[in-house]
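Peer 1: What follows is a predicted protein model with its sequence.
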Amino acid sequence: MAGKCGKLYKKAAKVTKVIDKATVKHVALLSRLALDEREETTYSTQLASILSYINKLNELDTKDTPPTSHVLSNLRNVDRADVLKESLKAEEALANAPEKEGDFFRIPKVIEGK
Amino acid sequence: MKYEPVIGLEVHLQLKTKTKAFCGCSTLFGQRPNSQSCPVCLGLPGSLPKLNHEAFGHSIKVALALHCSVQKEIKFDRKNYYYPDLPKNFQISQYDKPVAHDGFVDISSCGKIKKIRIKRVHLEEDAGKLIHQTGGPYSLFDCNRAGMPLLEIVTEPDINSPEEAYDYLTGLKSILKYLEVSDCDMEKGSLRCDANISVRPAGSDKLGSKVELKNMNSFKAVRLALEHEVSRQMEAVSAGEKLQQETRLWDAGKAVTLLMRTKEEAHDYRYFPEPDLVPFVPDPSYVEDIRKTIPEMPDAKAKRFKERFNLSDYDIAVLVSDKAAADYFEKCLESYDNPKTVANWIMGDITAQSNLKNTGIRELGISPQGLAELLKMIDGQLISGKMAKEVLLEAIEKRCEPAQIVRSKGLEQLSDKGELEKIVKVILGRNEKSVQDYKGGKKNALTFIIGQVMRETKGKANPAVINEILKKSLGE
Amino acid sequence: MENLYDLPANRLAEKLKSKTLKPSHVVEKIIQRIKELNGRINSFVFIDEPQALKAAKAADGSDLKGDLSGIPIAVKDNICVKGQDTTCSSRILKGFRPPYDATVIKKIRENGLILVGKTNMDEFAFGSSCETSCYGPTKNPWDPDRIPGGSSGGSAAAVASGQIVMAIGSDTGGSIRQPAAMCGVVGMKPTYGLVSRYGLIAFASSLDQIGPITKDVTDAAALLGVIAGHDEMDSTSADIETPDYRKSLVNDVKGLKIGIPKEYFIEGIEPDVLKAVKEAIELLKKMGAQIKEISLPHTEYAVSTYYIIAPAEASSNLARFDGVQYGFRAPHPKDIIDMYTKTRSQGFGEEAKRRILLGTYVLSSGYYEAYYLKALKVRTKIRVDFTRAFKEVDCIVTPTSPTTAFKIGERIDDPLSMYLSDIFTIPANLAGIPAISIPCGFDGKGLPIGLQIIADAFKEENIFTAAYAYEQNTDWHSKRPGI
């Protein structure tokens, strides 16, 4: 990676547009985030810069490489016996609730299916 | 042009375990809201899931019974979507390496056997429950159900009529009940069903735009919703309309399906491997051990009953539909070898009682041996058939065996000839007039005398024996 | 006379054992030090003085069992302590008090350590500078105009400034080691699966590990001994016997094979950092270690790989913060979607939003294979690099960070340059292997420099031996900032 650290900083300035505002909007919707005009611009520029850096990975041939989802490759079949454990009391479960009603968490009305 | 419906079904089955899929909270139904939750099923930050071994075993058992191949490597994935009944806003489910795939169920529909292919069987966690205040501006959330183990059983689009869908569900439910892995109770939500349906020109092998149907609360509702949807789609296609891929809800009150969301609004679930659970590689011997616990399936049992017992198809179908009843039946036959009588009692009084008490046959408290004893008492004329029915009811109420009731009440019929002769002698001595009347031709005087004997024996005297003694004593 | 707050835990523990000192006295002194400095350093976000004093008083009268019994400790604000504010330095978790203790907290309590409070961090551990905290930035005790590193910057700054004796941090891409380097203390990320993650508020579940931040290597070994071990509550917890790490604290590296990966010695490293690290390697060689140049060819892809995997997992882990059950809920929502959106938009800071967006994007329909799956495959290549290397060497020595502490505000508007400050620490997380950062000198501005020592999975002992021997032959670890 000789010199690449320095080079990489330069690369950050040269942005290829791989993520536009419409995409940022869509991704924000999926993430339940509302962005204003300024944020949309900032994030699309910054994400574009990050993604163009990330695209480096395409230099590598990974056709025959298996993915690593877990580093402990010997760890398999970890489960528990079907044995009861003490639950929290309803009061404890509800202790942090921003709003509650009786033994329930309370939220704005949900229209079924939406 | 003739059109035919193409239907696939997704069944969600709540597995019967003591604890939830990924934590040690109880799975009991109908408890105080939010009293069966912990950091894991509440999805509190920092908590981590750990798979319930029993739930995993159940899922393999179902997969094997549905003739699926159990995967060599099984993994869990996160299905990401926002909904307030989902505490983490993702569901632990399975995507590309489910428990099993490629199985089938043989169903009998309109007198024919049809193979419905099973596409996949996967394990996931249930969501919590939302209660919508009528009129009010709020919804309420109860976490008790969140994290219960659910098995999703998905068919290939092999079903071609609402009737077949109904028959598949009935057949599947019967299999699942046999496996004893779930209550299969649609009312309690332990069995739920969604459907995918499209129509296409008859004989074509192309699939049309599929509509996903939700919110059907019984097998009958599934059939009705599909019937409605088939005609709606056929009318649309015949009128030259192009159908859209969409999700629709069944409105049972209005008996129509209503649009819920279109393809454009469809979720992007962003599945990825659940990093908090490691993969599962079931040992072949473990899978074989589970296979050994699978009981005889309903169709095999029906076939065997038909070969072995002289029973009507109807009787067999009724007995086999409930594994507990079928087991009870066979157990009872071990001590009392009269299939028809046993079947009649099970399908009659016993089923009536278990329906009345809304409980299974085994929970009534009468052992198969107990019933056999009772039936033997009838045959041995120790009690009458009518008495036996009363005894059965009382035994169920008192939660004891029928023989105990008979004994404690001294209900056994008095059939001892010597004993009865003595009693008859005394009665005849007390009722000279009636004896004379009888001898003088008044035949109903005999009825009076029998009544007197019955009173003396508190009704226990065996009428046949009395008759015989009397006729002899009165010199016939 | 030496200040009590400057002593490492092993020295204090001797005094506590011999009854020269009482736990309550130590805790009082520490709390006094926190009160004196926290206004300037901002390393603590929450102090539980009554509980700490109560626990210390109780310890006064009882026999001190464990090695670290009676020692005050602070934990990063992303580790759940029952009934105590646990907020990940985020507005969205305002007021959240978990109804349960993290497994490490249970272990800390069982071993008699005294919890003093929660330390500042980058919001949800997203950052390398501690600037994204909703409580404001933590300052570097060596120069308050500079960042302490991150994300466990509060823990590192607190240990460096004597506001606490030892601390717990978490490390997803360098969040323990990089601030330890920048604050001149010892910070260790253990092998993935060695320390239970139960109760650690997840950032990236496949990368996160909890670890110690301490004044010296002896303390790091002792604290790791306390928190390591199999946990039934964590499916990814390794089921292995934890060795007694104190036994690896021997001042002898003769024959120890140390690999120097050429990919870590690059243009762009500050000259003073390069010089200090090279001198450290020379010293190790003089002490008898065998130095060997090695190659980890996929190093340059680590940051890219990390910035796909970590945000992807984070976007899912952070989905639960929606205002339904706990934490912040935006006022006056129109409906449920509005509540979600407002709560999340007002509750998360800029960097959190950036990572959620990035993570959601790389997982979204049509991009999964190009980004996420690709990254998982490159992760394999990076792991294989290490596996190969550890066939030849016992440990690997590198700089912890290419630079010393930078100025507050310097990189905050350039996320990519910020991300690149973890360039040397990220590979160990991707490979799941242990690594430590220990002090190895100062730059021309008097800022500390860190030396990273990496070993193969579950070979923490190799790290401790190398680090301890180095520490015994230098005095960098005993330098304290003049604050």
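Peer 2: Structure's in. What do you need?
Peer 1: out of everything not next to it in sequence, what's closest to C:Lys257?
Peer 2: With sequence-adjacent residues excluded and distances taken as CB to CB, 6 or more residues apart in numbering or on different chains, C:Lys257 is closest to C:Val393, at 4.4 Å. (Glycine included, C-beta is placed from N, CA and C.)
Peer 1: give me every residue that touches the one you found.
Peer 2: By CB atoms under 8 Å, 6 or more residues apart in numbering or on different chains, the contact list for C:Val393 reads C:Lys257, C:Ile258, C:Gly259, C:Lys292, C:Ile294.
Peer 1: List phi and psi for it.
Peer 2: As for C:Val393, its main-chain torsions (degrees, to the nearest 10) stand at phi -130, psi 160.
Peer 1: likewise the one 3 residues further on?
Peer 2: For C:Ile396, the backbone dihedrals (degrees, to the nearest 10) come out as phi -120, psi 140.
Peer 1: My guess is it contacts C:Glu263. True?
Peer 2: No - the pair C:Ile396 / C:Glu263 is not scored as a contact, 10.9 Å apart, by CB atoms under 8 Å.
Peer 1: ok, these two, which is more surrounded?
Peer 2: Set C:Ile396 next to C:Glu263 and count neighbours by other CB atoms under 10 Å in any protein chain shown: C:Ile396 wins out with 29 against 20.
Peer 1: hmm, back to that, what is the nearest of the contacts of C:Val393 to chain A?
Peer 2: Lowest distance from chain A to these (CB to the nearest CB) belongs to C:Ile294, with 14.1 Å.
Peer 1: ok now do the residue lying closest to that closest one once chain neighbours are set aside, which residues does it touch?
Peer 2: For C:Ile294, ignoring the flanking residues on the chain, the nearest one in space by CB to CB, 6+ apart is C:Gly259 at 3.9 Å. Remark: with contacts taken as CB under 8 Å, 6+ apart, C:Gly259 is in contact with C:Lys292, C:Glu293, C:Ile294, C:Ala389, C:Glu392, C:Val393, C:Cys395, C:Ile396, C:Val397.
Peer 1: change it to 6 Å
Peer 2: C:Lys292, C:Ile294, C:Ala389, C:Val393, C:Ile396 (CB atoms under 6 Å, 6 or more residues apart in numbering or on different chains).
Peer 1: Next: B:Tyr166.
Peer 2: Counting by CB under 6 Å, 6+ apart, B:Tyr166 has contacts B:Phe219, B:Arg223.
Peer 1: Ramachandran coordinates for C:Cys395?
Peer 2: Dihedral pair for C:Cys395: phi -150, psi 170, per degrees, to the nearest 10.
Peer 1: for it, which residues make a bridge with it?
Peer 2: Beta bridges link C:Cys395 to C:Ile258, C:Ala455 when assigned by DSSP bridges.
Peer 1: and it, how many neighbours does it have?
Peer 2: C:Cys395, neighbours per other CB under 10 Å, totals 27.
Peer 1: Check which helices and strands whichever helix in chain A runs longest sits against.
Peer 2: Longest helix of chain A, by residue count under DSSP state H: helix A:37-54. If you count contacts as 3 or more CB pairs under 6 Å, 6 or more residues apart in numbering or on different chains; DSSP states H and E, helix A:37-54 packs onto helix A:21-30, helix C:415-419.
Peer 1: Report the closest residue of chain A relative to chain B.
Peer 2: Counting by CB to the nearest CB, chain A gets nearest chain B through A:Lys85, at 2.8 Å.
Peer 1: Now that residue: closest residue in space, sequence neighbours ignored.
Peer 2: Nearest to A:Lys85 is B:Gly24, by CB to CB, 6+ apart, at 2.8 Å.
Peer 1: State the distance from that neighbour to B:Ser37.
Peer 2: Going from B:Gly24 to B:Ser37 by CB to CB, to the nearest Å gives 11 Å.
Peer 1: Between these two, which is the more surrounded one?
Peer 2: More crowded of B:Gly24 and B:Ser37, by other CB under 10 Å: B:Ser37, with 31 against 20.
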